[in-house]
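Novice: Give me a 3D structure for the following:
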Amino acid sequence: MTEFLEVALSFPAIVFSFGLIAVFLYWIVVILGALDVDVVPFGADVDAEVETGGSFWSAFGFGEVPFTVVLSLWITLGWIVTVLGTTWVRSADMVVPAAVSGVAMLVAGIGVGMLGAKLLSGPLSKIFADAPATAHRDLIGKVCVVRTGTVTTDTGQAELAEEDGTIHLINVRRSVHEPDGIDDELFSRHSKLVIFDYDESAKVFLVVPVAMPPEVSLDVP
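Specialist: Sure, this is the predicted structure:
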């Protein structure tokens, strides 16, 4: 274990080690629903506005795969190559300067990582391409469940489950025109909200609580 940590924290593996930690933390935050991204698909995209690399990544043969997925694959594969490569060089007792072998392993990690990410993105792109597209307007009137700590006019995410099993993790906001008298607790985690509009400019869904107080008159644009 000590030898493994030494390799992982030495050049060139350490270049990818820090990236791997960042990737791990990123996906943990995404899973927990605390990161504010446009749309994170769990089985489908919304109006084809999934976080993708678009034509830039397609030009390099990555297909319609989200940038974060490609980067995660690249860093992970690069880390594996540099760790295994450095371990092999050390065990072989090769008479090669450490700086030279380190640079060679770094180049190999970058190259093999990119090639591996490209090969894996082919099958993955089919998954994203085959996901049934759903227009934003199709979600208006549906009920979603808050997944972040709360929903405000500036931040918030919610999960929407459709009858066919498709699940959307969407960005939601309270309306700035929301009537007075609505308790903030109605927007807390696990609360049920109704989508009543979509803000094209901000690319977020506007929501109100399912259980509206009887004294509140809902009159939002």
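Novice: didn't residue 148 look like it was pressed against residue 190?
Specialist: No. Applying CB atoms under 8 Å as the test, residue 148 and residue 190 come out as separate, 10.5 Å apart. Yep, even glycine has a C-beta here, placed from its N, CA and C like the rest.
Novice: These two: who's more crowded?
Specialist: Between residue 148 and residue 190, counting by other CB atoms under 10 Å, residue 148 is the more crowded of the two (20 against 7).
Novice: Disregarding residues adjacent in the polypeptide, which is nearest to the more buried one?
Specialist: Nearest residue to residue 148 in three dimensions, chain neighbours excluded: residue 157, at 4.8 Å (CB to CB, 6 or more residues apart in numbering).
Novice: What does the pLDDT read for the one you found?
Specialist: pLDDT for residue 157: 92.
Novice: One more: residue 30?
Specialist: pLDDT, residue 30: 68.
Novice: Need phi/psi at residue 151.
Specialist: Residue 151 adopts backbone torsions of phi -120, psi 130, taken as degrees, to the nearest 10.
Novice: can you pull the pLDDT of the closest residue to it other than its chain neighbours?
Specialist: The shortest distance from residue 151 to any non-neighbouring residue, by CB to CB, 6+ apart, is to residue 187 (4.2 Å). With respect to pLDDT, residue 187 scores 94.
Novice: Could you do residue 81 as well?
Specialist: Residue 81 is assigned 90 on the pLDDT scale.
Novice: residue ranges with poor pLDDT in the protein?
Specialist: Scanning the chain for pLDDT under 70 picks out the ranges 1, 30-65, 93-96, 125-135, 212-221.
Novice: okay, now the domains of it?
Specialist: 2-39+50-130, 136-209 (automatic domain parsing).
Novice: how about the helices of the chain, start to end?
Specialist: Taking DSSP state H as the test, the helices found in the chain are 2-8, 13-32, 54-59, 67-91, 98-130.
Novice: and of those, who's closest to residue 206?
Specialist: Nearest of the helices of the chain to residue 206, taken as CB to CB: helix 13-32 at 22.6 Å.
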